[in-house]
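# Predicted model, plus sequence, below.
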Amino acid sequence: MKYEIPVGPIHPALKEPIMIKCTIEGERIVDVDVICSQNHRGIEWIGMNRNNPVQSIYTAEKICGICNLCHPACLVIAVEEIADIRAPERAEYIRVIQSELERIHSHLLWAGVAAHELGFDSLLHYVWLVREKVMDTLEIVNGARVPKDTIMYGGVRRDIKDEHIPKIREMIEYYRQAFDKLAKLFLEDKTIKMRTREIGILPYEDAIKLATAGPTTRASGVKKDVRQDMPYFAYPDFEVKAITPDMLTGKVVGDVYDRIIVRLLEVKQSMEIIEDALNNMPKGEILAEPKMIKLLNQIKKAEGEAIGRHEAPRGEDIHYVKLKSGFEHLYSWKVRAPTYINILSWRTMLMDMQIADIPIVAASIDPCMSCTNRVIIADERSGKEKILTSDDLHRLSVKKTRRLLR
Amino acid sequence: MKAEELKQKFEEAGYEVWLKEREEGIKVKTKRVSVWIKVDRDAIRDAVEHFIEVSDVYPHFSIISASDEGDNVELNYHFTMGFGKLHEEYSVNFKVAIPKSDLVIKSITDMVPAVIYSEREIREMMGVEFDGLQDKRHMFLTKDFPDGVYPWRRDETAPKGTNKLYETWKEGAE
């Protein structure tokens, strides 16, 4: 007897709508279909038809609230290559620090969501409490907790001043102390281990074939990280190494647990990069061309095409940009966010899993979309329909945790 | 395999190939390299097959991008190659022009499974038909999105009336 359960399209905990249609046999998932066509904001269209290239930076920031630096970063890398603009040395270092601050807050946010999906709400509150420190630091540096609005063609708009540096160092020290406790809670806790080990496995070969990106692919043992492979900004100076779970446990399983390991280790790595960057930050200008009109004219005259790649917290971001001389918008603009490619792996991960595993497996790729709003279970024999809300699904997940604890 | 080697291999097979470079880094200098390969519309499957054959690891697919070039629609198939080593990755891009009079290209989903979402997206946004694509549902646009309207086109099939807000503001109308 096969049932089809649509999961989605809206869930208040996550940001964008998406629907996962699972076919189940008893408790076992036998087929998965992902339906994305819920809400398309036409960001690329706005960049190609309405905005000038500078306005498009701010539109790109609005693609995602959590990683609001990575999309403008990609756009800026591509346009700088076409128009041959070079950012000053100090600006490239500031861009690195901002990117890593973003990674810390995004990974901690994810860790909280993951704990919540497992029914471990005290851990969710603890992780988000710890996350406040980086949010405060972002507020000190950028003037706002979430939007950074700092990236610009040829540099950054805001300097990291001398009085900011002790605050950032204090944050690093805070996380250094909190890290061991976090690692112990996530990696040694019996409940988390039971709910995540051998769950939602993505084997190495599938990770490569499905072209997954970021922590999702690295947890399957693929050493792929744009900061290491094809560095940009000032990243060549830091010799970043892609983090895989075998660095901690000596083996790669490719399950949800491994994805937790990768993200935790990346928080530590980000702290080291920020510290290194603060110690070696060059002095000087932060913007190559402060006059906006002049900058816009320079971009308007430029012609060509380029790709911008940036390692966002969720994985590799790619923008393709084509400029035509005399054309006042971007002639072509294609944005590829990491979730675009990572949702393909849901099918492989969810196969043979249980309904109660859907929330944590879906969350394990850190999707920039919503998932578990309502589930309709249709009984083919009786023709009856039963609607499960996100709360029901969450309850199922918590129930499984309790069952395993017994 | 280095980018130059790949360029040579594709040139031997009769393709037009060019490299682009950009220097990055402050203290440690490195280059971001991209390889661009021009491919005939009918030869896309041969080109990708050749690419998989000559590569030592399976190529990592990124995205297909599209631009409206007047009489043609230009597609770029973006891949990356050589991950895992410090500063050695480069991007590989296949450039294909398809005439608007016959907007059809062969699907490569059986060779590169990850390409499916991208092909579905280009199909709805640009109106390019993929020969051999199994799943022809809308990807990002809603089910009831009208046929024959393609948001990324710059001709008469582009959506109409969408710029109204901006136009009114520009003209200073009510």
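On my side now, so go ahead. Predicted, not measured: the structure shown is a model, and the values here were computed from it. Residues are numbered from 1 along each chain as shown, chains lettered A, B, ... in the order given.
# Check which helix or strand A:W110 maps to.
A:W110 is part of helix A:89-117 when elements are defined by DSSP states H and E.
# by contact count, what packs against whichever helix or strand comes after that helix?
Using DSSP H and E, the helix or strand that follows helix A:89-117 in sequence is helix A:121-142. Packed against helix A:121-142 by the contact rule (3 or more Cβ pairs under 8 Å, 6 or more residues apart in numbering or on different chains; DSSP states H and E) you find helix A:89-117, helix A:164-188. No exception for glycine: its C-beta is placed from N, CA and C like everyone else's.
# What residues of helix A:121-142 count as buried?
Judged by neighbour count (16 or more other Cβ atoms under 10 Å in any protein chain shown), helix A:121-142 contains these buried residues: A:123-124, A:126-128, A:130-131, A:133-135, A:137-138, A:141-142.
# of those residues, closest to chain B?
Within the buried residues of helix A:121-142, the smallest distance to chain B is 20.3 Å, found for A:V141 (Cβ to the nearest Cβ).
# And the closest one, how close does it get to A:A356?
From A:V141 across to A:A356, the span is 41 Å (Cβ to Cβ, to the nearest Å).
# which secondary structure elements does the helix holding A:W110 contact?
helix A:70-83, helix A:121-142, strand A:155-156, helix A:164-188, helix A:256-279, strand A:304-312, helix A:358-364.
# sorry, back to before: please identify the deepest-packed of the helices and strands packed on helix A:121-142.
Among the helices and strands packed on helix A:121-142, helix A:89-117 has the highest mean neighbour count (mean count of other Cβ atoms under 10 Å in any protein chain shown), at a mean of 24.
# Can you check what angle separates that helix from helix A:70-83?
150 degrees (axes from the mean of the first three to the mean of the last three Cα atoms, to 10 degrees).
# do stretch A:18-32 and chain B meet?
No: applying Cβ under 8 Å from any Cβ of the partner chain, one finds stretch A:18-32 separated from chain B by no less than 10.6 Å.
# What of stretch A:209-225?
Yes: for stretch A:209-225, a contact with chain B is found by Cβ under 8 Å from any Cβ, at A:209-211, A:222-224.
# if we can go back for a sec, TSV please, covering the helices and strands packed on helix A:121-142 and showing distance to B:L75.
Listed next are the helices and strands packed on helix A:121-142 as TSV, based on distance: least, Cβ to Cβ, whole Å:
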stretch	distance to B:L75
helix A:89-117	30
helix A:164-188	43
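# Dump those to TSV, plus mean pLDDT and distance to B:R153.
Below are these laid out as TSV (pLDDT from 0 to 100; distance: least, Cβ to Cβ, whole Å):
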stretch	mean pLDDT	distance to B:R153
helix A:89-117	91	35
helix A:164-188	92	47
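# From what I see, B:Y117 and B:M139 are in contact.
Yes: B:Y117 lies in contact with B:M139 (Cβ atoms under 8 Å); the separation is 6.0 Å.
# Averaging pLDDT per element, find the lowest-scoring helix or strand in chain B.
Least confident helix or strand, chain B: helix B:164-171 with a mean of 58, by mean pLDDT, DSSP states H and E.
# any low-confidence regions in chain A?
A:8, A:10-16, A:37-38, A:367-391 (pLDDT under 70).
# ok, residue 151 - how many residues close by?
No chain specified, so I'll use chain A. Using other Cβ atoms under 10 Å in any protein chain shown, A:I151 is surrounded by 29 other residues.
# switch to chain B, that's the one I care about
21.
# Likewise for the one 4 residues further on?
In terms of burial, B:D155 registers 10 neighbours under the definition other Cβ under 10 Å.
# which residue sits closest to it, ignoring its sequence neighbours?
Leaving aside its chain neighbours, B:D155 sits nearest to B:D68 (6.7 Å; criterion: Cβ to Cβ, 6 or more residues apart in numbering or on different chains).
# For the one you found, name its beta-bridge partners.
B:V73 (DSSP bridges).
# mind listing what it touches?
B:74, B:126, B:152-155 (Cβ atoms under 8 Å, 6 or more residues apart in numbering or on different chains).
# PyMOL command to pick out the buried ones of the residues you listed?
Per 16+ other Cβ under 10 Å, the buried members of the contacts of B:D68 correspond to this PyMOL selection:
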select buried, chain B and resi 74+126+152+153
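# Fine by me, we can end here.
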